[in-house]
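Visitor: build me a structure from this.
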Amino acid sequence: MKAQPTGFAVTLCVLQCLVFLLPGVCEARSKASRGVVVPFVFDPKAKCDPPCQHGGLCIRNNTCFCSKGYEGDLCQYVTCYPKCKNGGECLRPGKCRCPPGVGGRYCHKATCEGGCLNGGECISVNSAVKCLCSSGWKGSRCQEAICPQGCRNGGSCLAPGICNCLDGWVGGACHLAVCDNPCVHGGKCIAPNLCQCRGSYTGPQCTQKIK
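Guide: Numbers count the residues shown, from 1 in each chain. Model prediction:
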């Protein structure tokens, strides 16, 4: 099976035409990136005004053959493949300049300043980027845990559903007071080391009977 000419062979043919000024027309075929064979005809006496840009070759009068990564009548436009996404600008072949909030070689990834914590994912919604938080987390960076039961008496939410209680308080919502010496005679601990006594009893632990 006859092999297709490579891009190097095409360039070599063009150079031969330029150096040796072969009479007539140099015909060559170049295999495009998508597998389509594209023929072109090169005229060594061709003139392009204005001239071809970015290394393009003038193959016929006012007809440019562009280098890889450039297109347009004069090869004046740079191209990126895949194309730059999310409003990115192609600076040079294969290099995109991305707007704030997106990154990656082709501006295809949303980027949240500081990153997303606790399993959060950075997403782009209507050209705005934000963190999509995992269950049990909230905040601009998914930095705040959610305790559905709430944390009382100065407690803070340490992790989803888990409160970090101040000294003297316990329980899932930091709602139970701790009395180092237990309350007796039916008394109830209502604050750290503070008993609420019943009936005819009083004192720190409800041990004293009222006469």
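Visitor: if you count neighbours, what's buried in stretch 67-78?
Guide: 67, 69, 70, 74, 75, 78 (16 or more other CB atoms under 10 Å). For the C-beta atoms, the positions are set from N, CA and C on the backbone; glycine is no exception.
Visitor: CA atoms only: put that stretch into CSV for me.
Guide: The C-alpha coordinates for stretch 67-78 follow below in CSV (Å, rounded to 0.1, in the frame of the first residue of the first chain):
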residue,chain,number,x,y,z
SER,A,67,1.6,26.8,9.0
LYS,A,68,0.0,24.5,11.5
GLY,A,69,-1.9,26.5,14.1
TYR,A,70,-2.8,29.5,11.9
GLU,A,71,-5.6,30.3,9.5
GLY,A,72,-7.2,33.1,7.5
ASP,A,73,-6.5,34.6,4.1
LEU,A,74,-3.1,35.9,5.3
CYS,A,75,-2.6,33.2,8.1
GLN,A,76,-3.3,36.1,10.4
TYR,A,77,-5.5,34.2,12.9
VAL,A,78,-4.0,31.9,15.5
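Visitor: hmm, who's touching it?
Guide: 7, 33, 48, 50-56, 62, 64, 66, 79-80, 90-94 (CB atoms under 8 Å, 6 or more residues apart in numbering).
Visitor: just to revisit the earlier point, need the max-distance pair from the buried residues of stretch 67-78.
Guide: 69 and 74 (14.5 Å; CB to CB).
Visitor: that older thread, residue 112: which of the buried residues of stretch 67-78 is nearest?
Guide: residue 78 (29.0 Å).
Visitor: any idea how this protein splits into domains?
Guide: 41-79, 89-138, 147-177 (the TED database).
Visitor: which one is the residue positioned nearest the centre of the chain nearest to, not counting chain neighbours?
Guide: With distances taken as CA atoms, centre = their mean, residue 110 lies nearest the centre of the chain, 2.8 Å away. Nearest non-adjacent residue to residue 110, counting by CB to CB, 6 or more residues apart in numbering: residue 124, 4.1 Å away.
Visitor: partner residues bridging residue 202?
Guide: residue 208 (DSSP bridges).
Visitor: next: residue 131.
Guide: Residues in beta-bridge contact with residue 131 (DSSP bridges): residue 122.
Visitor: that older thread, I'd say the residue nearest to the centre of the chain and residue 104 touch.
Guide: No. Judged on CB atoms under 8 Å, residue 110 makes no contact with residue 104 at a distance of 9.0 Å.
Visitor: for this structure, give me the ranges with low pLDDT.
Guide: Where the chain drops to pLDDT under 70, the residues are 1-40.
Visitor: could I get the full set of helices for it?
Guide: For the chain, the helices defined by DSSP state H cover 7-20.
Visitor: ok so, going back, residues contacting the residue nearest to the centre of the chain?
Guide: Counting by CB under 8 Å, 6+ apart, the residues that residue 110 touches are 86, 101, 102, 103, 122, 123, 124, 129.
Visitor: what pairs with it across the strands?
Guide: residue 102.
Visitor: from residue 74, how far off is it?
Guide: The gap separating residue 110 from residue 74 is 36 Å, by CB to CB, to the nearest Å.
Visitor: what do you get for residue 115?
Guide: The value you get for residue 115 to residue 74, if CB to CB is used, is 43 Å.
Visitor: any chance of the domains of the chain in a markdown table with distance to residue 190 as columns?
Guide: Shown next, in a markdown table, are these (distance: least, CB to CB, whole Å):
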| stretch | distance to residue 190 |
| --- | --- |
| domain 41-79 | 74 |
| domain 89-138 | 31 |
| domain 147-177 | 6 |
